[in-house]
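Trainee: Quick one, fold the following:
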Amino acid sequence: MLPALSRLSRRRALQGSAAALVVFGLLLWWLLPFGKSSPSGTLTFSTGVQSGVYQRYGVLLKQALAQDLPDVEIDLRTSEGSQQNIARVAAGEADFTIATADAVAKYKRDRKPGADRLRGCARLYDDYVQLVVPRDSPVRSARDLRGKRVGIGPEGSGVRLIAERLLKASGIDPTRDITRVPAGIDTVPGLLEADELDAFFWSGGLPTSTIQDLSERFQIRLIPLEADLVDKLHATGDATSYYRSAVMPADAYLQAQSGVPVPTVAVANLLVTTDRMDPAMTEGFTRTVIKSRDRIGNTVHPAQLVDLRTAVYTDPLPLHEGARRYYRSVKP
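Mentor: Residues are numbered from 1 along each chain as shown. Below you'll find the model as predicted:
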């Protein structure tokens, strides 16, 4: 009997040891990072002018990325806007950026260096064109800007691109019929207050805090940009097909609008990178952009409009493979 009991005891001991090893292995698998490692490295994110929506969005996105991708260091770099942002990413001087769809389309249409390497990660929020004048200004439409001092945005900005196109659609030659002031959103409000400008263009999310602040200390109006301007824009070529008619809600700028909605022109913003970017990094970056929508949107209100259902539509850019992986992972 003793040998039989001994064999039984050994068998039970072996079974117990095997079970313990299985449990130990499962604990190791759970506790240790044997799966995919988190992306690491340094990324440059090209934003926009100081106090602009791109810059403010970038600062908050950097904070969100620090939590979600702790091994990734984000270097924010200010810029003049969309056109410069695209050129930087295409040239490898920045890794990610935000740019308007019309500026991306123009860069591709002009076949500029690196255009074929550009990729989209997400459609974000829409920019609304805002043509601002003092409340007592005689200007009632874009056609009335002839002979005026007009802030059209700095060279390399998305504002400059759309302002010049809208002026041409209104029958105004931006090189001859106005006094061009190449200033951005960080300086044009002060110039308007000091009577050094008659009007300025801005293209950004609603509300843009700089214009909100201006409206609360200085009496301004927003000039309507009617739907026929969009038709004229579309008639000029494919790179303008990304403009659409829109309406600024009556409460976008309460002091400036007197409770009246204002028709205007809108264009989508895209999160942009290139095919050089690692898919795992792009997947993580895109995930943070979508997840942080409400957190960032509490401060930068346009970010609240980032929508998972439409984020995948990054035309005119093909979707980056890493972003595609993210959208597939959250598909219902």
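Trainee: quick one, strands of the stretch 201-332 of the chain?
Mentor: 220-222, 244-248, 262-274 (DSSP state E, counting those that start in this stretch).
Trainee: what does the model give Leu31 for pLDDT?
Mentor: The confidence metric pLDDT takes the value 47 at Leu31.
Trainee: err, Phe34, not the other one
Mentor: 44.
Trainee: Without its sequence neighbours, what residue ends up closest to Tyr253?
Mentor: Distances taken as CB to CB, 6 or more residues apart in numbering place Ser215 nearest to Tyr253, at 5.0 Å, with adjacent residues excluded. For the C-beta atoms, the positions are set from N, CA and C on the backbone; glycine is no exception.
Trainee: was I right about the one you found contacting Leu222?
Mentor: No. In this structure, Ser215 is not within contact of Leu222 by CB atoms under 8 Å, at 9.1 Å.
Trainee: what do the two both touch?
Mentor: Shared contacts of Ser215 and Leu222 (CB atoms under 8 Å, 6 or more residues apart in numbering): Tyr253, Ala256.
Trainee: Against Pro224, how distant is the residue most central in space within the chain?
Mentor: Centroid-nearest residue in the chain: Ile98, 4.0 Å away (criterion: CA atoms, centre = their mean). Applying CB to CB, to the nearest Å, the value for Ile98 to Pro224 is 27 Å.
Trainee: Cross-check the contact I'm expecting between Ala246 and Val267.
Mentor: No. Ala246 is beyond contact range of Val267, at 9.1 Å (criterion: CB under 8 Å).
Trainee: Show me which of those two is the more surrounded one.
Mentor: Val267 (24 against 20; other CB atoms under 10 Å).
Trainee: can you pull up the bridge partners for the more buried one?
Mentor: Asp127 (DSSP bridges).
Trainee: OK, contacts around Arg143?
Mentor: Ser170, Gly171, Ile172.
Trainee: residues near the first one, how many?
Mentor: This points to Ser170. Ser170 has 19 neighbours, counted by other CB under 10 Å.
Trainee: How about Arg324?
Mentor: Neighbours of Arg324 (other CB under 10 Å): 18.
Trainee: What segments of the stretch 101-250 of the chain are helices?
Mentor: 101-109, 158-169, 188-193, 209-217, 227-234 (DSSP state H, counting those that start in this stretch).
Trainee: mind giving me a markdown table with those helices and columns for mean neighbour count and mean pLDDT?
Mentor: Formatted as a markdown table, the helices of the stretch 101-250 of the chain follow (neighbours: other CB atoms under 10 Å; pLDDT from 0 to 100):
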| stretch | mean neighbour count | mean pLDDT |
| --- | --- | --- |
| helix 101-109 | 23 | 96 |
| helix 158-169 | 24 | 96 |
| helix 188-193 | 19 | 98 |
| helix 209-217 | 17 | 95 |
| helix 227-234 | 17 | 93 |
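Trainee: And these: which comes nearest Lys62?
Mentor: Checking the helices of the stretch 101-250 of the chain against Lys62 by CB to CB gives helix 209-217 as the closest, at 18.2 Å.
Trainee: so what's the residue nearest to the centre of the chain bridging to?
Mentor: Leu271.
Trainee: again with Val72
Mentor: Gly41.
Trainee: re the thing from before, for Glu321, which of the helices of the stretch 101-250 of the chain is the nearest?
Mentor: Comparing the helices of the stretch 101-250 of the chain by CB to CB, helix 101-109 comes nearest, at 18.4 Å.
Trainee: just the angle between the closest one and helix 158-169, please?
Mentor: Counting by axes from the mean of the first three to the mean of the last three CA atoms, to 10 degrees, helix 101-109 lies at 90 degrees to helix 158-169.
Trainee: Report the angle between helix 101-109 and strand 262-274.
Mentor: Using the same axes, to 10 degrees: helix 101-109 against strand 262-274 is 50 degrees.
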